[in-house]
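K.L.:
Pasting a predicted model and its sequence here:
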Amino acid sequence: MGRLIPAVIIGATLLASPARAQSPEASQAQDLTNCAGAVAALGGYDVLTFAGNESNEWGAVLARIMAAMNREPGVEGMTGRYAASAARGFWAERPRAEQEAQARSCRERFG
């Protein structure tokens, strides 16, 4: 019992600590690949073979996100496409309303 009280106090302190904002210099790799996956799932695109020459709304958004991925260290080229493909698999299983909400958020953020 003597050790339980300090552990509870430390745990409560950690949980009550404010979350810090992400540094502007921080990598956006995870956000970009997640967004590429969400937009691809909504638009019915395969990110592994996506050429980027789509003219419709979601194709153009995906092209801009993929271009940003190619500039982001760690997710350039096929590495980013494989990560986005995994994210697409996740988003493809989500309800369409969730896909649309995420894709709209990504459009506002990245293009």
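P.N.:
Thanks, I have it.
K.L.:
what helix or strand is the residue nearest to the spatial centre of the chain on?
P.N.:
Nearest to the mean C-alpha position of the chain, by CA atoms, centre = their mean, lies Asn34 at 2.5 Å. Element membership for Asn34, per DSSP states H and E: helix 29-43.
K.L.:
now what about that helix, what contacts it?
P.N.:
45-47, 50, 54, 56, 58-59, 61-62, 65-66, 68-69, 72-75, 80, 83-92, 94, 96, 99-100, 102-103, 105-107, 109-110 (CB atoms under 8 Å, 6 or more residues apart in numbering). Heads up, the C-betas are built off the backbone N, CA and C, glycines and all.
K.L.:
Separate out the buried members of the residues you listed.
P.N.:
Using 16 or more other CB atoms under 10 Å as the burial test, the contacts of helix 29-43 include 45, 47, 50, 58-59, 61-62, 65-66, 68-69, 72, 75, 80, 83-85, 87-88, 91, 99, 102-103, 106-107, 110 as buried.
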